[in-house]
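Undergrad: The sequence isn't on hand, but the structure is:
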RNA sequence: UCCGCGAUAGCUCAAUGGUAGAGCAACCGGCUGUUAACCGGUAGGUUGCAGGUUCGAGUCCUGCUCGCGGAGCCA
């Protein structure tokens, strides 16, 4: 259909255009009214003066909130208008008159809005978040493409657990037990041995009964894996990717960040290289801040927040005790008590957004680890093959998309970082 | 699974154990540049469910249901 996007109105001043959109709100008096119109790219207003077009004025006055309409008018610049431009309306075609809309523009609670998520996403803040999410996804693809990574997606339905420890969603696979993927990493290691540098991007499922602002049952993860990448290569890749994402969002989605009221200076403060803290140094930092923490414990959310407070950029915590990390993590040759793994902690208390590290490339050690973790060796035979046939040093990581979106947008809960969040006991809509 | 908090009009919230109320939304009317517009009026209730205490319970007690926040686990 013919039409101009609201975001492009600035180039149409003086000409008559049609906007295909929805009626977001209406303001005005008995003699003049302002139709607030949204189209997914932005918000503008149509102006109607009763004296000039009495019939159209009365018709417009009766159009209910969220009706779909095509508004034709002449574009004018006006600093009072949302977005700086407005339409002197000449015609309105109501595409579909809406029933009484359940979401008013006033204050609502989260429960109420979450139950109507399919409508909530029409509001300026929610749609701004989803536009930023899309920008982040584009930035990721662009970054990997520029760095010679091939997208090779991992399966969603898997025969066994990758790490074996977390709870999985079980499904009936034609009479056989199967599970929804909780990580594509093991498959990434296989594709990396085929393609060199790979990444996968898709939904991931965790059935843990987690009930916090950082957890979803279904979330999207970007996982990269590269052959002949050592631990340091991997950290460098991660920080450059995050930096690239931030720069692209700052460049292309500044207006959306402003809609969200995000403190943009916090994002501009992110600088390369990111600080690196060994686990042991992080423990000392926590102890110096007066927190009770013993070497060998894993960090809780409040610990991560306490560490991130010390830095403007995301901070790497590396070389964790072997006992608290996954079976495939490569031990540090300098100190066998720790592994070459690192978490990236986002600033402002947003917690871990990346987990990654160098993988064990030695067959015997990997077999020993599977035994120690009491994992069924048969299920991992194909994975062990990767060490039998041309094993190489390799490293990778996984980035949680929703946590990244929440951090960049300054959200207080990851549920707003995805169009339709799947949370504990929350499966609708 | 554990700890804490909550459930009153469509929504957001009030109401010492003593007649359930306001703002917004809806509906009617007014207003010539609005910015979650504003002003006047109308209508709107099995106070989450089931028991109990009391002359009297939205309010106190017990159980249940649902929701929220946090912990653990993790991205």
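TA: Ah, there it is. These numbers come from a predicted model, not from an experiment.
Undergrad: and residue A:112, how many neighbours does it have?
TA: 12 (other CB atoms under 10 Å). The way it works is simple: take the backbone N, C-alpha and C, and place the C-beta from them, glycine included.
Undergrad: can you check the one 10 residues further on too?
TA: Here the number of neighbours of residue A:122 (other CB under 10 Å) works out to 16.
Undergrad: what's the answer for residue A:269, then?
TA: 13.
Undergrad: Report the residue ranges of every domain in chain A.
TA: A:6-96, A:117-417 (automatic domain parsing).
Undergrad: In CSV: the ones you listed, plus distance to RNA strand B and mean pLDDT.
TA: Shown next, in CSV, are the domains of chain A (distance: least, CB to the nearest atom of the strand, whole Å; pLDDT from 0 to 100):
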stretch, distance to RNA strand B, mean pLDDT
domain A:6-96, 3, 91
domain A:117-417, 2, 91
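Undergrad: so what pLDDT did the residue in the stretch 101-250 of chain A that RNA strand B sits nearest to get?
TA: For the stretch 101-250 of chain A and RNA strand B, the shortest gap (CB to the nearest atom of the strand) falls at residue A:109, measuring 2.5 Å. Residue A:109 is assigned 80 on the pLDDT scale.
Undergrad: Look up how far residue A:103 lies from it.
TA: For residue A:109, the distance to residue A:103 equals 12 Å [CB to CB, to the nearest Å].
Undergrad: When these two are compared, which one has more neighbours?
TA: Of the pair residue A:109 and residue A:103, residue A:103 is the one with more neighbours under other CB under 10 Å, namely 15 against 8.
Undergrad: What pLDDT is listed against that one?
TA: At residue A:103, the model reports a pLDDT of 84.
Undergrad: residue at max distance from the center of chain A?
TA: In chain A, the residue that sits farthest from the middle, by CA atoms, centre = their mean, is residue A:51; the gap is 49.3 Å.
Undergrad: out of everything not next to it in sequence, what's closest to that one?
TA: Using CB to CB, 6 or more residues apart in numbering and skipping the chain neighbours, the partner closest in space to residue A:51 is residue A:31 (6.8 Å).
Undergrad: could you pull out the helices for the stretch 151-300 of chain A?
TA: A:185-195, A:231-252, A:254-259, A:264-268, A:279-288 (DSSP state H, counting those that start in this stretch).
Undergrad: Residue A:286 against residue A:304, yeah?
TA: No. In this structure, residue A:286 is not within contact of residue A:304 by CB atoms under 8 Å, at 10.0 Å.
Undergrad: burial measure for the residue nearest to residue A:51, as a count.
TA: Residue neighbour count, defined by other CB under 10 Å, stands at 10 for residue A:31.
Undergrad: In contact with it, which residues?
TA: When contacts are counted by CB atoms under 8 Å, 6 or more residues apart in numbering, residue A:31 touches A:49, A:50, A:51.
Undergrad: And for residue A:206?
TA: For residue A:206, the contact set (CB under 8 Å, 6+ apart) comprises A:166, A:167, A:182, A:215, A:217, A:219.
Undergrad: Tell me how far the nearest residue to the last one once chain neighbours are set aside lies from residue A:419.
TA: Counting by CB to CB, 6+ apart, the nearest residue to residue A:219 once its immediate chain neighbours are dropped is residue A:402, at 5.0 Å. Relative to residue A:419, residue A:402 is positioned 11 Å away (CB to CB).
Undergrad: okay, now residue A:157: neighbour count?
TA: With other CB under 10 Å as criterion, residue A:157 counts 10.
Undergrad: So it is in contact with residue A:172, correct?
TA: No. Between residue A:157 and residue A:172 there is no contact under CB under 8 Å: 10.9 Å.
Undergrad: what do the two both touch?
TA: residue A:178.
Undergrad: give me every residue that touches residue A:197.
TA: A:144, A:147, A:148, A:149, A:150, A:224, A:225, A:226, A:227, A:229.
Undergrad: could you dump those residues to TSV with neighbour count and distance to residue A:119?
TA: TSV is the format used below for the contacts of residue A:197 (neighbours: other CB atoms under 10 Å; distance: CB to CB, whole Å):
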residue	neighbour count	distance to residue A:119
A:144	21	35
A:147	15	40
A:148	10	43
A:149	22	38
A:150	14	39
A:224	30	36
A:225	32	40
A:226	25	43
A:227	21	47
A:229	22	45
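Undergrad: In JSON lines, list the residues you listed along with distance to residue A:194.
TA: Shown next, in JSON lines, are the contacts of residue A:197 (distance: CB to CB, whole Å):
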{"residue": "A:144", "distance to residue A:194": "16"}
{"residue": "A:147", "distance to residue A:194": "18"}
{"residue": "A:148", "distance to residue A:194": "14"}
{"residue": "A:149", "distance to residue A:194": "13"}
{"residue": "A:150", "distance to residue A:194": "9"}
{"residue": "A:224", "distance to residue A:194": "15"}
{"residue": "A:225", "distance to residue A:194": "11"}
{"residue": "A:226", "distance to residue A:194": "12"}
{"residue": "A:227", "distance to residue A:194": "9"}
{"residue": "A:229", "distance to residue A:194": "15"}
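Undergrad: Strands - which of those land there?
TA: If you go by DSSP state E, the contacts of residue A:197 have A:150, A:224, A:225, A:226, A:227 in strands.
Undergrad: which one of those residues sits closest to residue A:42?
TA: residue A:224 (33.9 Å; CB to CB).
Undergrad: pretty sure the closest one contacts residue A:397?
TA: Yes. Between residue A:224 and residue A:397 there is a contact at 5.9 Å, judged by CB under 8 Å.
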